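S.K.: mind folding the following:
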Amino acid sequence: MRRWRPGVGWICAIYLLLGALWILLGDALIQAIASDPAAIFRLHTTKDLLYVVATALLLYLLLRPFVARATAARATQEQSEAAYRELFESSPSPMLAYDLQTLRILEANRAALAFFGWEREQLLGRTLLDLWPAQQAARMHDLVDAIRRDRAPRRLPGEELVDSQGRLRRVETQGNCIRYKGRLVRLVIVTDRSSEQEAQQRRDLAMARLEEAQVIARLGSWELDPASGLGRYSDQAYLILGRQPPSPPQAHRLQDLLVAADSVTQARIEALIDDIGRGHHLQIDVLLPLATPDLQLRTVHLRGGPVVQEDGSAIYRGTLQDVTEHEESRRLLHEREDQFRELVRVLPDGVLILYDERVIYANSACAAQFDHPVEALLGEPLRQLVAASDLDAVRGHLRQPPPDTVTARMHRADGSLFQAGLTLGEVRYSGRDCRLLVVRDLTEPERMRDALAAGNAELQAMARRLFSLQEDERRAISRDLHDDIGQAITAMKLSAHAAMEEDDDARRNEDLAEIGHLADATVGKLRNLSMLLRPPQLDALGLEAALRWQANMLFRASPVRLQVDIATLPQRPGKEAEQACFRIAQESLTNVLRHACAGEVRIGLDDEDGRGLRLQVSDDGDGFDPDGPRGLGLIIMRERAQAAGGSLNLHTAPGAGTRIELYLPYAALREHNPKEP
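M.R.: Down below sits the predicted model:
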């Protein structure tokens, strides 16, 4: 049975009833027992005091349980608030409360302060606008309006908040409306998802890189269930097999995708599938020549093996790699190796491979050079093949191979020596780092070179003589053009002037004046032609004056700036040198004028150590590719220089101008002109 406890209403009713009865009955009793006013006053005073004491005692007895319960409830409430406050502050998840109307933050726990990087005084009083990205302010207002309307709990799985450093933090929020200090607020629990997002991004990046690596390596993955014979394959595996990846993904039998290029491969595939289906735990590592649906042949490297799952069943997982190019490269490499061996075998030069200064390989040409059988050369030390005086030099070059050929004397089997050119290099042979020596017998080339030098000397003498004859012929042509044709044109001019005295003077004068003008121009052209064929300055004043005259004449009407730096030579070159130098300078300046598109050209002539002259013609024009096709003029200039015993060098590049350097010796050419000063 529940014990009945009087409420406040009952206590008040009983108190009123007892008070009324006390007043009515007390007054009636006092009037009945006393008539003296003083006695009545004392009785009333005593009655009132008794009433106050009795009611106070009664109120104490009645209100004591209520006060005790209220005090206990207050203490319980304070303990509960303290416990909840402790839970709020010690929660590892950031928590904060904000006013729904003003969006001002009212409370935040320690985790929230640490998460956002604010002090409590700095965070409290701020609004949600300070924690929300500025570019998402409109979305935040819409979300707050929706919360104000329904006030229902909400979970937002993917949001971004801003900390005190301005960094975006990916979070998940859960909120609910509560009463706080007499007003409605929103409590929000924040879960940091930044690490998860970064991990997901790293995973996505790793998967993307894995897919990219598979594409680059032409590598696909596969998974096969032996029980059903069905498997799943990556997109790259389909592409390797020349098929389009199905969408959505589907299961296929492996034998349906592997189309053999020949009957032997087809039998291998069928045997492999049969062994997998029988439950044999195979480690697969085979090369399969396959045919794609578009009839292309590909070599595929199939690898894989069984993997036991949690339920005890086994599935096959592996990779599928397109190695067509690799196999083709290996086939070509084997062909090249065979060709190299054949080339070395038939090479006219000797080939030696040394390891630790001992011969471990020699071709037949090398055996013929040393007059040894190939078998006798194997194992032979280097000191037995190279002359003692050249051995140290060859060893030094073996340690640091130079870029050029090394010359050394070598021993034949009969003890005789022959001069050889050694080309040194490094080679990998029989799994070891070895030295390669290409031996070229220089005995016959040296003899041929001497004979060739003698022949070249004869050819140069003949070329000089021919060049001299050509110049004499040009001099005669120049004289004939000047004397004969010039005199004839002059006579035509005189005759035309005489005809001007006839009738119809106006017309006759006009015609004959034109004839005279043409005659003058013809004479001038013939004179210039004569000077070009053989300028008189070259014979009368020498090479320096002829070059100055030629340069000034060519560029007198040209916008190209001409710089002449011609020094007086200490001695006059021979005719061949003068003629070659003048013609090369003439051709060079003409090329600049016609083709270079230059703004400035420079011609220089000076002495070269008293042994010869040096001519330089340079411009700042377009230049050209020195390895490209060349005109006949450059070839003729080089031949002129070589015929005179000199050399001509060309320096040019596209857009970098052109510089021609000519060197001609004095002594070699003056031997044919001993009377020249």
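
S.K.: dump whichever strand or helix holds residue 588 to PDB, keeping only the CA atoms.
M.R.: Using DSSP states H and E, residue 588 maps to helix 575-591. What follows is helix 575-591, C-alpha atoms only, in PDB (Å, rounded to 0.1, in the frame of the first residue of the first chain):
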ATOM      1  CA  LYS A 575     101.000  34.500-108.000                       C
ATOM      2  CA  GLU A 576      99.200  31.400-106.900                       C
ATOM      3  CA  ALA A 577      98.600  32.800-103.400                       C
ATOM      4  CA  GLU A 578      97.500  36.200-104.700                       C
ATOM      5  CA  GLN A 579      95.200  34.700-107.200                       C
ATOM      6  CA  ALA A 580      93.700  32.200-104.800                       C
ATOM      7  CA  CYS A 581      93.300  34.800-102.000                       C
ATOM      8  CA  PHE A 582      91.700  37.400-104.400                       C
ATOM      9  CA  ARG A 583      89.200  34.900-106.000                       C
ATOM     10  CA  ILE A 584      88.200  33.500-102.600                       C
ATOM     11  CA  ALA A 585      87.700  37.000-101.200                       C
ATOM     12  CA  GLN A 586      85.700  38.000-104.300                       C
ATOM     13  CA  GLU A 587      83.400  34.900-104.000                       C
ATOM     14  CA  SER A 588      82.900  35.400-100.200                       C
ATOM     15  CA  LEU A 589      81.900  39.100-100.600                       C
ATOM     16  CA  THR A 590      79.600  38.300-103.500                       C
ATOM     17  CA  ASN A 591      77.900  35.600-101.400                       C
END
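
S.K.: so which elements touch it?
M.R.: Where contact means 3 or more Cβ pairs under 8 Å, 6 or more residues apart in numbering; DSSP states H and E, helix 575-591 is packed against helix 443-480, helix 536-540, helix 543-554, strand 600-608, strand 612-619, helix 632-643, strand 658-665, helix 667-670. C-beta: built from backbone N, CA, C; applies to glycine.

S.K.: out of the ones you listed, which gets the lowest mean score?
M.R.: Sorting the helices and strands packed on helix 575-591 by mean pLDDT places helix 667-670 lowest, at a mean of 47.

S.K.: assign residue 280 to helix, strand or coil.
M.R.: coil (DSSP: H, G, I helix; E, B strand; the rest coil).

S.K.: that one and residue 243, how far apart?
M.R.: As judged by Cβ to Cβ, to the nearest Å, residue 280 and residue 243 stand 28 Å apart.

S.K.: what is the burial count for residue 23?
M.R.: 13 (other Cβ atoms under 10 Å).

S.K.: likewise for residue 302?
M.R.: Neighbour number of residue 302 under other Cβ under 10 Å is 19.

S.K.: return the residues in contact with it.
M.R.: By Cβ atoms under 8 Å, 6 or more residues apart in numbering, the residues touching residue 302 are 258, 284, 285, 286, 287, 288, 318, 319, 320.

S.K.: out of those residues, which are buried?
M.R.: 258, 284, 288, 318, 319, 320 (16 or more other Cβ atoms under 10 Å).

S.K.: hmm, the second one is touching residue 303, no?
M.R.: Yes: Residue 284 sits in contact with residue 303 when judged by Cβ atoms under 8 Å, with a separation of 5.9 Å.

S.K.: any shared contact partners between these two?
M.R.: Here residue 284 and residue 303 have residue 318 as joint contacts, going by Cβ under 8 Å, 6+ apart.

S.K.: ok, for residue 238, nearest residue in space, not its chain neighbours?
M.R.: Nearest non-adjacent residue to residue 238, counting by Cβ to Cβ, 6 or more residues apart in numbering: residue 245, 4.4 Å away.

S.K.: now do the one you found against residue 275, distance only.
M.R.: Per Cβ to Cβ, residue 245 is found 28 Å from residue 275.

S.K.: repeat for residue 52
M.R.: 111 Å.

S.K.: equivalent analysis for residue 224, please.
M.R.: Counting by Cβ to Cβ - residue 224 and residue 275 are separated by 12 Å.

S.K.: what average pLDDT does the strand or helix carrying residue 391 get?
M.R.: Element membership for residue 391 (DSSP H and E) is helix 388-399. The pLDDT scores in helix 388-399 average 83.

S.K.: and it, which residues are buried?
M.R.: Using 16+ other Cβ under 10 Å as the test for burial, helix 388-399 gives 390, 391, 394, 397, 398.

S.K.: just how off-centre is that helix within its chain?
M.R.: 44 Å (Cα atoms, centre = their mean, to the nearest Å).

S.K.: what's that helix packed up against?
M.R.: strand 406-411, strand 417-429.

S.K.: quick one: residues in contact with the first one.
M.R.: It refers to strand 406-411. 369-370, 384-387, 389-390, 393-394, 397, 417-424, 439, 442.

S.K.: that one to helix 388-399, inter-axis angle?
M.R.: Computed by axes from the mean of the first three to the mean of the last three Cα atoms, to 10 degrees, the angle separating strand 406-411 from helix 388-399 equals 130 degrees.
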